[in-house]
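K.L.:
Only the shape, not the letters, is given here:
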Ligand SMILES: Nc1ncnc2c1ncn2[C@@H]1O[C@H](COP(=O)(O)OP(=O)(O)OP(=O)(O)O)[C@@H](O)[C@H]1O
Ligand SMILES: Nc1ncnc2c1ncn2[C@@H]1O[C@H](COP(=O)(O)OP(=O)(O)OP(=O)(O)O)[C@@H](O)[C@H]1O
Ligand SMILES: O=C(O)CCCC[C@@H]1SC[C@@H]2NC(=O)N[C@@H]21
Ligand SMILES: [Mg+2]
Ligand SMILES: [Mg+2]
């Protein structure tokens, strides 16, 4: 459940987001819109990476403005560039890092990490240097590491940009399906096929929420506006 | 005109490309295929960034294996990550660098650079720090810098990944149209809509050229194989 | 990155960068090596401050420079007082401050581009050095700094988003990302036929 | 940057530029803002890493590029300082000492191809601490007029920090060898980067 009331963001005196008000309980939410329209900024407010300069925002029952730390525990975030998200040298260590942050006892970590990697088809790459994974494998690893903490809400910012048809479908299936274990998934994407698979779509333009509703209809209006 | 005869690439003992034989004079060539199938490696051989370990390769009448430097002059290359391709602090300097490499006399460079930027709608950003441009503007700048040298063949490796519908269409129109001034354009992409706009499509799998022909048909077979 | 240069139209701003560098070298050496008395030391500082006026700067500009050296000045004075006595401390500190202010004045009145050109011209006279490659590398670095800073910010954000603390280990992640960026830039340099 | 037969290629230049960028960024992200005569700065960690990762030649070039950035008036030293003043003050010797420092680190750490723990330790301590102090202390003494021994006392203030940085540099270098083997020339010569 996401509840935003007049949310605005101003960075360095520049207005980046303004007057976003919405109440969402659809399990799969797509966010679309032009480059620079504020999608990533909106996504970042959801787990407290960006603090709204006005308005109130509640995600998964947590007041994001007042308790950004608790919000980050409840909300997982997947960046579009997996390189930026993979923090340790090998997949096993990287997933282990998330498990530690989730408070899993040290002794259990190797086993749990191996399990998590296996779920994403990365078992045999557990100890390979992460930089040498393919784009698709990196994106899967980033997802595995985020999900390892068991977030109640998952926000993914352009999670399929580097992927081929097969891998994009695989990540798409995971996010749009129930494989992530999250109650609610928010997907920011330029891939309109992926957006179409969600339950509701939001469209941003110039820092404002300008359209929302059935994904098919929101996408059709977006296409019409661009053409 | 691209003519490859048994082209193979081996790096560190790993076989990455094998037995690529083709003769292409279609003006617009799409290259599609799974992650890790060898598309980028093939594209890199075209302008001598990667040297084939066997076979012969001729692009725009230049033998790439024997004269990689001449090949690079004839073949422009557009990377998917514009950050890595914008080399100097401002757009004007960056385009100027290409002009200098093309042997344009020093005195003419500022004027010609301004012209090149204007053609891509970047006139008013000429002296703005390049890192502060938006993703779409960066990609346009990277394209302007490549085209400034007047390459006869243009190779673009996933040039639209970070772009929204409008920007992707703009870059796509430029590449698929005649706006680049190149005789032949090769586009590596996961964006199958963009691929469909080319004259011929190649599909790679496991380092081999496995399909080629009419883009519509090649794409349809690719989709069928993935599903 | 905001350069330390302050635009202006004063005689000092209009002076060629090379001339200013040469002038700084001569003046700095003279002020440093002259066997100062308290009076000549104070005189050189006064002359330096007058030059700030010639550069069209209000006193607040040099005062701010001195203020930014406050700790340096304090320690200069303290160490020299302790080891050398009052008058030498005064002379020594005045002299050092004058030289630093002179150097800062050149930086304040010369745009980065003009300074790069001046250094390139200087290097062109040194045999065995490809001056263009040097100044090109400097420009490449200026372009790379915000990219590396961006990578560092990404890593900070990602660790926050994941709720983990990496501490100094984050430098390894930064090195990996930055070196991969470098290798991509290297490819782009090759592809564009620049080097 | 000399036009010798083994002059730097595109990839070398890109790495030099990006590493110079890393040294600059470390001045922003990791300074311990202790006000003092010479700042305690994470940039010396960057200098150590430039030596252990890039080797003496490219590491030295990266440090030279940082010097040029300082000279042209960009605020690239820790605390946003820069300009010609950095080369004439009492701290100039420490700054200039980065160059012989990084060269010695690179020579020692890369003496035998792959990075090895003990060689990296010796390199970081000898080049990253001893050599830098060996230049910094006499210059500080000369500029401030105190004796070398007295200036040496001041430099002790940095010793704990620099010892920690040397240890960190060693750990980071070894971690990098595991996380990104192509970072090291001996390995990178044979292997390009998978994109
Ligand atoms: N830290 C910042 N400082 C200043 N401006 C910013 C900052 N972050 C974002 N912006 C600006 O805010 C606007 C919205 O940015 P945002 O990243 O949210 O867009 P987006 O919709 O995610 O775009 P894209 O599709 O390209 O990812 C852009 O114009 C951007 O330049
Ligand atoms: N320098 C290298 N050393 C070792 N392996 C490499 C190198 N470059 C590429 N590879 C491997 O070769 C294969 C083909 O890589 P390539 O980048 O050409 O794939 P691609 O089709 O472009 O994939 P993507 O769609 O993910 O960009 C991959 O398995 C990759 O890991
Ligand atoms: O920023 C400058 O002006 C140059 C600083 C030099 C810092 C010296 S290097 C050795 C010692 N260790 C530190 O952390 N700072 C000093
Ligand atoms: Mg975004
Ligand atoms: Mg590729």
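P.N.:
Nice, I can see it. Because the structure is predicted, anything quoted here is derived from the model rather than measured. Residues are numbered from 1 along each chain as shown, chains lettered A, B, ... in the order given. Ligands and ions are numbered 1, 2, ... in the order given.
K.L.:
from here on, contacts and neighbour counts on C-alpha atoms
P.N.:
Noted.
K.L.:
Could you pull up the residues touching the residue nearest to the spatial centre of chain D?
P.N.:
Centrality entry for chain D: nearest residue to the mean C-alpha point is residue D:47, 1.6 Å, by CA atoms, centre = their mean. By CA atoms under 8 Å, 6 or more residues apart in numbering or on different chains, the contact list for residue D:47 reads D:23, D:59, D:63, D:98, D:102, D:128.
K.L.:
what helix or strand is the fourth one on?
P.N.:
Just to be clear, that refers to residue D:98. Using DSSP states H and E, residue D:98 maps to helix D:92-109.
K.L.:
what are the ranges of the helices in chain D?
P.N.:
Remark: helices assigned in chain D by DSSP state H are D:10-29, D:43-49, D:55-71, D:92-109, D:117-125, D:132-144, D:148-155, D:159-179, D:185-188.
K.L.:
ok so residue C:7 is a helix residue?
P.N.:
No - applying DSSP: H, G, I helix; E, B strand; the rest coil, one finds residue C:7 to be coil, outside a helix.
K.L.:
Spatially nearest residue to residue A:130, not counting backbone neighbours?
P.N.:
Among residues not flanking residue A:130 along the chain, residue A:90 sits closest, at 4.9 Å (CA to CA, 6 or more residues apart in numbering or on different chains).
K.L.:
same check, this time on residue D:45
P.N.:
Nearest non-adjacent residue to residue D:45, counting by CA to CA, 6+ apart: residue D:165, 5.6 Å away.
K.L.:
burial measure for the one you found, as a count.
P.N.:
24 (other CA atoms under 10 Å in any protein chain shown).
K.L.:
Would you agree it is in contact with residue D:43?
P.N.:
No - here residue D:165 does not reach residue D:43: they are 9.7 Å apart, not a contact under CA atoms under 8 Å.
K.L.:
Quick one: mean pLDDT for the helix holding residue D:98?
P.N.:
In this model, helix D:92-109 carries a mean pLDDT of 96.
K.L.:
what do you get for stretch C:101-120?
P.N.:
What stretch C:101-120 shows for mean pLDDT is 88.
K.L.:
CSV please, covering the contacts of residue D:47 and showing neighbour count and distance to residue A:162.
P.N.:
Output for those, formatted as CSV (neighbours: other CA atoms under 10 Å in any protein chain shown; distance: CA to CA, whole Å):
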residue, neighbour count, distance to residue A:162
D:23, 27, 31
D:59, 28, 33
D:63, 28, 35
D:98, 27, 41
D:102, 36, 38
D:128, 32, 41
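K.L.:
which residues touch the closest residue in space to residue D:90 that isn't next to it in sequence?
P.N.:
Distances taken as CA to CA, 6+ apart put residue D:140 closest to residue D:90, at 4.7 Å, once the chain neighbours are dropped. For residue D:140, the contacting residues are D:90, D:91, D:92, D:93, D:148, D:151, by CA under 8 Å, 6+ apart.
K.L.:
before we move on, what about residue C:177?
P.N.:
By CA under 8 Å, 6+ apart, residue C:177 lies in contact with A:83, A:84, C:151.
K.L.:
can you pull the pLDDT of it?
P.N.:
Value for residue C:177, per-residue pLDDT: 94.
K.L.:
State the distance from it to residue C:150.
P.N.:
Taking CA to CA, to the nearest Å as the criterion, residue C:177 is separated from residue C:150 by 11 Å.
K.L.:
again, but for residue D:128
P.N.:
From residue D:128 over to residue C:150 (counting by CA to CA), the distance is 27 Å.
K.L.:
and of the contacts of residue D:47, the nearest to chain B?
P.N.:
Ranked by distance to chain B (CA to the nearest CA), those are led by residue D:23 at 18.1 Å.
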